[in-house]
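> Take this sequence and fold it.
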Amino acid sequence: STFSDCTSLTSIMIPNSVTSIVYSAFYNCTSLTSITIPDSVTSIGDSAFYGCSSLTSITIPNGVMEIGWCAFADCSSLTSITIPNSVTEIGSSAFSGCSSLTSITIPNSVTEIGVYAFKGCTSLTSITIPNSVTSIGDSAFGGCSSLTEIKVASENSNYVSVNGVLYNKDTTVLICYPAGKKDKNYKIPDGVTSIGSFAFSGCASLTSVTIPDGVTSIGDSAFGKCTSLTSITIPDGVTNIGASAFNNCSSLTSITIP
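The predicted model follows:
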């Protein structure tokens, strides 16, 4: 950490001469409640504000292009954040564990959302993927237990939302079923050939999922922590079941493997 033993630091003003907030700069500054990032800053490094658990809001200046991995991870008091339309990449685990974050707007400049980017954002109720996004990492919205729908801008050429569920554009891959959806049963539509890694992870309301015959692959942790799932039939076409695919499915009493 740039500020060693920074646990008593409550606020800071960064001077205009600063262009980069480096790796772990404010790591675990647990008393930091406010910070002003000047317009001169163009880069927020990996773990820059990791564990700043008292930080309630932050404005990222227009000019920042990349938000590093774990940049705001475990900022558990963060209720709002403004991401400017200069940002092109949201790094892996960038906002993971931001359990007070209720909404976030991803600007139409972002092309990449990293793995676990919003994992464990338990207060997040909805999110919209803009046109510009071409890559969404595994479990980007994993453990978002209040997330009831994922919206996708209609002009996005890589992804689509079907009743709040995230698919690739041609709906052959089910990418993410939001963990906050309250439906007990879900029928995966015909045409789907692959259930992505972490696709149903933490979907505690689901008691049954119907998998169509066209599915050939079930990804890693696809149904992990689906604690209400009581039974599942894997169709004959499935050739691959990933690691931890049914991990912690504590209500699962029967399973048919072809």
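
> low pLDDT regions in the chain?
1-5 (pLDDT under 70).

> same thing but 50
Of all residues in the chain, none has pLDDT under 50.

> Give me the neighbour count for the closest residue to residue 156 other than its chain neighbours.
Computed as Cβ to Cβ, 6 or more residues apart in numbering, the closest residue to residue 156 that is not its neighbour in sequence is residue 131, at 5.0 Å. Heads up, the C-betas are built off the backbone N, CA and C, glycines and all. Neighbours of residue 131 under the rule other Cβ atoms under 10 Å: 15.

> so residue 131 touches residue 151, yeah?
No. With contact defined as Cβ atoms under 8 Å, residue 131 does not count as touching residue 151 (12.0 Å).

> what about the strands in the stretch 101-250 of the chain?
112-113, 126-129, 135-136, 149-152, 159-162, 165-168, 173-176, 185-187, 194-195, 208-210, 217-218, 231-233, 240-241 (DSSP state E, counting those that start in this stretch).

> Sheet-wise, list the partners of the second one with their directions.
When you say that, I think you mean strand 126-129. If you go by DSSP bridges, strand 126-129 pairs up with strand 149-152 (parallel).

> Which residues does the strand it pairs with contact?
126-129, 141, 159-161, 163-166, 176, 178, 181 (Cβ atoms under 8 Å, 6 or more residues apart in numbering).

> quick one: which of these is nearest to residue 65?
residue 129 (19.1 Å; Cβ to Cβ).

> now the closest one, nearest residue through space, not along the chain?
residue 152 (4.6 Å).

> before we move on, back to that, in JSON lines: the strands of the stretch 101-250 of the chain, plus distance to residue 25 and mean neighbour count.
Shown next, in JSON lines, are the strands of the stretch 101-250 of the chain (distance: least, Cβ to Cβ, whole Å; neighbours: other Cβ atoms under 10 Å):
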{"stretch": "strand 112-113", "distance to residue 25": "22", "mean neighbour count": "20"}
{"stretch": "strand 126-129", "distance to residue 25": "27", "mean neighbour count": "19"}
{"stretch": "strand 135-136", "distance to residue 25": "27", "mean neighbour count": "18"}
{"stretch": "strand 149-152", "distance to residue 25": "32", "mean neighbour count": "19"}
{"stretch": "strand 159-162", "distance to residue 25": "33", "mean neighbour count": "18"}
{"stretch": "strand 165-168", "distance to residue 25": "33", "mean neighbour count": "22"}
{"stretch": "strand 173-176", "distance to residue 25": "32", "mean neighbour count": "23"}
{"stretch": "strand 185-187", "distance to residue 25": "43", "mean neighbour count": "13"}
{"stretch": "strand 194-195", "distance to residue 25": "39", "mean neighbour count": "23"}
{"stretch": "strand 208-210", "distance to residue 25": "44", "mean neighbour count": "16"}
{"stretch": "strand 217-218", "distance to residue 25": "41", "mean neighbour count": "20"}
{"stretch": "strand 231-233", "distance to residue 25": "46", "mean neighbour count": "15"}
{"stretch": "strand 240-241", "distance to residue 25": "42", "mean neighbour count": "14"}
